[in-house]
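Asks: okay, here's the prediction I keep looking at, along with the sequence it came from:
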Amino acid sequence: MRNPVFFLCLCVVAVATYGVAKFIDNAYVFFAGYVVLQYIVLSTGWNILGGYTGYVNFGTAAFFAAGAYSTVVWHKTVPDMPLPVMMLIGGAIAALLGLGTGYLTLRLRGTFFGIATLAMSVVMQTLITNWSFVGGSRGAYVVRPDATDWFGIDYIEYLFLLMLGLSVIAVGIARAIEQSRLGYGFATIRDDELAAEASGVPTLRLKLLATALSGGFMGMAGAPLPYYVTYLDPASGFSLSYAVNTIAMPLIGGTSSWLGPVIGAVLLGTLQQLATVTISSALSLLIVGVLLVVFVVAAPKGIIGWFAPRKGKPGAQP
Amino acid sequence: MDIPFDLLGNALVSGLLLGGFYAAVTVGVSISFGMLDIVNIAHPAFIILGSYIAYIANSTLGLDPILASIIATPAFYLLGMAIYHVYDVSFERRGDNGLRGLAFFFGILFITEVALVLTFGVDYRLVEAPYIGISIHLGPIDLPLRLLVPFLISIVLMGGLHMYMGRTFLGRAIQAVAQDPMALRLMAANPSRIKRIAFGLSIATASIGGAILIIIQPVEPSIGRDYIGRIFAICVMGGLGSFAGSFIAAMALGIMESFTSTFFGPSWSPAVSFGFLLLTLAFRPSGLFGRA
Amino acid sequence: MTDALLTVFGLGKRFGGFVALADIELEVKKGERLGLIGPNGSGKSTLVNCLCGTLRNDTGSVRFDGRTLDGLKAHERTRLGMARSFQLPRPFGTMTLAENLRIPLLYVVQLRKAVPNVDRRCVELLDLVGLADKADHLPADLTQIEMRKLELARAMAAEPSLLIADEAMAGLSNREVDEILALLMRMNEQQGVTIVMIEHIMRAVMHFSQRLVVLVAGRKIADGDPAEIVRQDDVVAAYLGS
């Protein structure tokens, strides 16, 4: 399928999703749907770096919170700024954060990058906790308008629509990358960086690009958060559950294609929305953790690996 | 600015004591990451597990936390062997220990943390022992036993492991396993078995690390995360797998944090370790004491 | 000087206190077949890595095709026309053979000129080494010699003017060695590719090389006609003496 056609299909799916949500006509659907969509963006963003190039980012929370706290700053300084603009700025800040971390650590072995991102959330959290302008450890309140200016759409519905649009863009870009020259370049990095360089692939430049793109999407996913929760404190903005979900979703869905993170996010996201209501949120997180371990051990190709045809003959491992 | 001498002296001493403690919690990662090349980011979670076991033994049986943790080491050792076995079969033998191996340990980290939250809640827990709350005074310098005892335990632990690695056959085999598994196989030693033992050992140290952590400060399930940056920073700075190097690096970090928290406030100290880690990774990935 | 493709001046490399290469001078002419031999640990692989940009040399410089390569990264050197095959084959494990060859086409050849049909070109290149029928297989399915051929095909896909073949025949049977030799000969004679062969199998080196260079303990000890070189006392001593 060519990219424009695929993009059109995505838009149709998005419109249908909105139609169904509108038809059910329950505010909770938009409220819960927003979270699932947010995870589609997060896990698709994560997978551009993690799945395509093989570099594990444990610092989702840092990128996500960078977007969220950038919005808190704009809300306090330029309250009239439209949310989509705030999302773009939040994404740009998170992309720069990714570029910086990547520049310092991506020349080294991949595990060092993982460790650096893990520690990065802790430090970002320290910085935010000590920054009183955005509320410090006490947190910040954000006034959410009841409705938007145009058509008087309910604000939660508006947030849902924004996240739906962002999901379409993220998934569309991920798929376009996969089938392009860039996607092949990313895959060589995952397979063998030395051989990649010898085949003319500028590995460092591609890794930085992947980190920036990936971080940018995570930041954009985080930017509307303050308006969604209306109260944001460091403990919730930097919650480890973002990092765990964002890693678990692509790995459970399958990291080799754009579809994996989407399947993972929809399944796990929905499951958690249900489990949080019916059981408890801690227990639902435990389920995610257990599923993550079970899948990486027992089903390394994820759910899409059960359906995808194998290339060539089943390869005997040397 | 006029900095009073006793403030400076106390910051230095408590930094050194803190460094000793950091060395003890890092030693397990020096084995798993430094020698075996296994990026066990779940290590801090096992340390917290150790803290809770010491807490249970202390609060129900009135046992000394350190004694309790020593009694628990065989259980941790077996747990470590079991985890390595799964890791070995699922990742190392498939040659797939990058992305998925890291995700595996991340999952274990998270499961341990959430399980502790579900069992004990998010309240801070602490232990009681005769030496907690007493300080020795040397002129203007305070030496709280709460920090001094962990420091001494740490030195004993590191010294013991250092001797074990250098003087026993198994210890030497562990040091050789990451560098040259082939030579090891020629010596009729099974690399998988050696690694399993070494990983068990590394997790066993988490039991003792956990006990001294809960002596130093009250513990809740998520504080393990604060230690991830510190532990790996120390391990990398010390030159992977070198006990002496990581001991010095732990001291350096302890002193820096202690000064940061004395002069800028304690809420800034976690940032020190990460800054340290990033600078190390960026400029001296072979460690401060390693060869270039 | 007009027909020198690769010139190395005073190249040196240390690892800590260990001198891996010292004062290497080397010239390779356009279209030449050069053999590079030396005992294990003599610095052959280090030299290859310094030439290809995987390692940075501490002293000296490398000129290739009229340009100084100093400071250029490995992928930039590949783009200038210097290709290498690895001693242990390093295929892209999750890609099919055709996709493996696609990488240098996308990242090297397409920067110079348009490639009208990339898919067909991949199969053509595989056909040159006799692997066309396995185009959709994964590298894990290949035998040892097929893996070597894939490695050479991927290097050749970048359309290099110089190919550095690092022990492309180690561990192969006699017949397989002849097969690879014939392949390298064809590349040299039909496509005019200059080839530097690093090899332990003396029969292959002697048959292949127009000129022989010998490295011992990081120094070049001989350079010239193969038949004469292998009779030199110091070369014999290096191989048999110690």
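Replies: Sure, I can see it. Numbering: from 1, shown residues only, chains lettered A, B, ... in the order given.
Asks: element containing the closest residue to chain A within the stretch 151-292 of chain B?
Replies: Using Cβ to the nearest Cβ, the point where the stretch 151-292 of chain B gets nearest to chain A is residue B:229, with a distance of 3.1 Å. Every residue, glycine included, has its C-beta placed from N, CA and C. According to DSSP states H and E, residue B:229 maps onto helix B:224-237.
Asks: other residues contacting that helix?
Replies: Residues outside helix B:224-237 that contact it (Cβ atoms under 8 Å, 6 or more residues apart in numbering or on different chains) are A:112, A:115, A:118-119, A:122-123, A:240, B:22-23, B:25-26, B:29-30, B:33-34, B:41, B:43-45, B:47-48, B:109, B:113, B:245-246, B:249-250, B:252-253, B:270, B:273-274, B:276-277, B:280-281, B:284-285, B:287-288.
Asks: with just CA atoms, put the helix or strand of chain A with the lowest mean pLDDT into CSV.
Replies: Across the helices and strands of chain A, mean confidence by mean pLDDT, DSSP states H and E is lowest for helix A:110-129: a mean of 82. Coordinates of the C-alpha atoms in helix A:110-129 are reproduced here as CSV (Å, rounded to 0.1, in the frame of the first residue of the first chain):
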residue,chain,number,x,y,z
GLY,A,110,23.6,0.4,23.5
THR,A,111,23.2,-0.6,27.1
PHE,A,112,24.8,2.6,28.3
PHE,A,113,22.2,4.6,26.5
GLY,A,114,19.5,2.5,28.3
ILE,A,115,21.1,3.2,31.7
ALA,A,116,21.5,6.9,31.0
THR,A,117,17.8,7.2,30.1
LEU,A,118,16.8,5.3,33.2
ALA,A,119,18.7,7.8,35.4
MET,A,120,17.6,10.7,33.3
SER,A,121,14.0,10.5,34.6
VAL,A,122,15.2,10.7,38.2
VAL,A,123,17.2,13.8,37.4
MET,A,124,14.5,15.5,35.4
GLN,A,125,12.2,14.8,38.3
THR,A,126,14.7,16.4,40.7
LEU,A,127,14.9,19.5,38.6
ILE,A,128,11.1,19.8,38.3
THR,A,129,10.7,19.2,42.1
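Asks: so does that helix get close to chain B?
Replies: Yes. Counting by Cβ under 8 Å from any Cβ of the partner chain, chain B is contacted by helix A:110-129 at A:110-112, A:114-116, A:118-120, A:122-123, A:125-127, A:129.
Asks: that helix to helix B:224-237, inter-axis angle?
Replies: 130 degrees (axes from the mean of the first three to the mean of the last three Cα atoms, to 10 degrees).
Asks: which strands and helices sit next to the helix or strand just after helix A:110-129?
Replies: As assigned by DSSP H and E, the chain's next helix or strand after helix A:110-129 is strand A:140-141. Here strand A:140-141 touches strand A:231-232, going by 3 or more Cβ pairs under 8 Å, 6 or more residues apart in numbering or on different chains; DSSP states H and E.
Asks: the strand it packs on pairs with which strands?
Replies: strand A:140-141 (antiparallel) (DSSP bridges).
Asks: in stretch A:28-44, what counts as buried?
Replies: By neighbour count with 16 or more other Cβ atoms under 10 Å in any protein chain shown, stretch A:28-44 contains the buried residues A:29-30, A:32-44.
Asks: same question for stretch A:74-93.
Replies: Buried-residue list, stretch A:74-93, by 16+ other Cβ under 10 Å: A:74-75, A:83, A:86-87, A:89-93.
Asks: first vs last residue of it, how far apart are they?
Replies: This stretch, stretch A:74-93, spans 13 Å end to end (Cα to Cα, to the nearest Å).
Asks: what about stretch A:250-269, how long is it end to end?
Replies: End-to-end span of stretch A:250-269 (Cα to Cα): 12 Å.
Asks: re earlier: next SSE after the helix holding residue B:229?
Replies: Following helix B:224-237 in sequence order, the next helix or strand is helix B:243-264 (DSSP H and E).
Asks: what does that next one rub up against?
Replies: Contacts to helix B:243-264, defined as Cβ under 8 Å, 6+ apart, come from residues B:7, B:10-12, B:14-23, B:26-27, B:30, B:34, B:158, B:161-162, B:165, B:230, B:233-235, B:237-239, B:268-269, B:271-273, B:276, B:287-290.
Asks: what angle do the helix or strand that it is followed by and helix B:224-237 make?
Replies: Per DSSP H and E, the first helix or strand lying C-terminal to helix B:243-264 is helix B:269-283. Here helix B:269-283 runs at an angle of 30 degrees relative to helix B:224-237 (the same axes, to 10 degrees).
Asks: point out where the chain drops to low pLDDT.
Replies: Just so you know, I chose chain A. Low-confidence segments of chain A (pLDDT under 70): A:1, A:109, A:309-318.
Asks: look at chain B instead
Replies: Using pLDDT under 70, the flagged stretches of chain B are B:1-3, B:95-97, B:178-189, B:283-292.
Asks: please enumerate the helices of it.
Replies: Using DSSP state H, the helices assigned to chain B run over residues B:5-29, B:43-61, B:65-87, B:99-120, B:145-167, B:169-177, B:181-186, B:191-216, B:224-237, B:243-264, B:269-283.
Asks: same question for the stretch 151-300 of chain A.
Replies: With DSSP state H, counting those that start in this stretch, the ranges of helices along the stretch 151-300 of chain A come out as A:155-178, A:181-191, A:193-198, A:203-222, A:225-229, A:234-237, A:240-253, A:259-278, A:281-298.
Asks: out of those helices, nearest to chain B?
Replies: Among these, helix A:281-298 comes nearest to chain B, with 3.8 Å by Cβ to the nearest Cβ.
Asks: residues from chain C in reach of chain B?
Replies: residue C:16.
Asks: at the geometric centre of chain A, which residue sits there?
Replies: When chain A is reduced to its mean C-alpha position, the closest residue under Cα atoms, centre = their mean turns out to be residue A:42, at 0.9 Å.
Asks: hmm, back to that, which of the contacts of helix B:224-237 are buried?
Replies: Here, 16+ other Cβ under 10 Å leaves A:112, A:115, A:118-119, A:122-123, A:240, B:22-23, B:25-26, B:29-30, B:33-34, B:41, B:43-45, B:47-48, B:109, B:113, B:245-246, B:249-250, B:252-253, B:270, B:273-274, B:276-277, B:280-281, B:285, B:287 buried among the contacts of helix B:224-237.
Asks: identify the residues contacting residue A:238.
Replies: Residue A:238 neighbours (Cβ under 8 Å, 6+ apart): A:61-62, A:65, A:121, A:124-125, A:128.
Asks: show me which helix runs longest in chain C.
Replies: Longest helix of chain C, by residue count under DSSP H: helix C:174-191.
Asks: tell me if the next helix or strand after that helix is near chain A.
Replies: Using DSSP H and E, the helix or strand that follows helix C:174-191 in sequence is strand C:194-198. No. Remark: strand C:194-198 sits outside contact range of chain A, by Cβ under 8 Å from any Cβ, the gap being at least 14.6 Å.
Asks: format the helices of chain B as a markdown table; extra columns: distance to residue C:214.
Replies: A markdown table is the format used below for the helices of chain B (distance: least, Cβ to Cβ, whole Å):
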| stretch | distance to residue C:214 |
| --- | --- |
| helix B:5-29 | 46 |
| helix B:43-61 | 50 |
| helix B:65-87 | 46 |
| helix B:99-120 | 43 |
| helix B:145-167 | 42 |
| helix B:169-177 | 34 |
| helix B:181-186 | 28 |
| helix B:191-216 | 37 |
| helix B:224-237 | 41 |
| helix B:243-264 | 41 |
| helix B:269-283 | 39 |
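Asks: hey, which of those helices is tucked in deepest?
Replies: helix B:224-237 (a mean of 27; mean count of other Cβ atoms under 10 Å in any protein chain shown).
Asks: just want the angle from that one to helix B:5-29.
Replies: Using the same axes, to 10 degrees: helix B:224-237 against helix B:5-29 is 80 degrees.
Asks: then helix B:224-237 to PDB, C-alphas only?
Replies: C-alpha atoms of helix B:224-237 as PDB (Å, rounded to 0.1, in the frame of the first residue of the first chain):
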ATOM      1  CA  GLY B 224      15.200   1.700  44.700                       C
ATOM      2  CA  ARG B 225      14.900   3.800  41.500                       C
ATOM      3  CA  ASP B 226      16.900   6.600  43.100                       C
ATOM      4  CA  TYR B 227      19.700   4.200  43.400                       C
ATOM      5  CA  ILE B 228      19.800   3.000  39.800                       C
ATOM      6  CA  GLY B 229      21.600   6.100  38.600                       C
ATOM      7  CA  ARG B 230      24.100   6.000  41.500                       C
ATOM      8  CA  ILE B 231      24.900   2.400  41.300                       C
ATOM      9  CA  PHE B 232      25.500   2.400  37.500                       C
ATOM     10  CA  ALA B 233      27.400   5.700  37.800                       C
ATOM     11  CA  ILE B 234      29.700   4.200  40.400                       C
ATOM     12  CA  CYS B 235      30.100   1.000  38.500                       C
ATOM     13  CA  VAL B 236      31.000   2.700  35.200                       C
ATOM     14  CA  MET B 237      33.200   5.300  36.900                       C
END
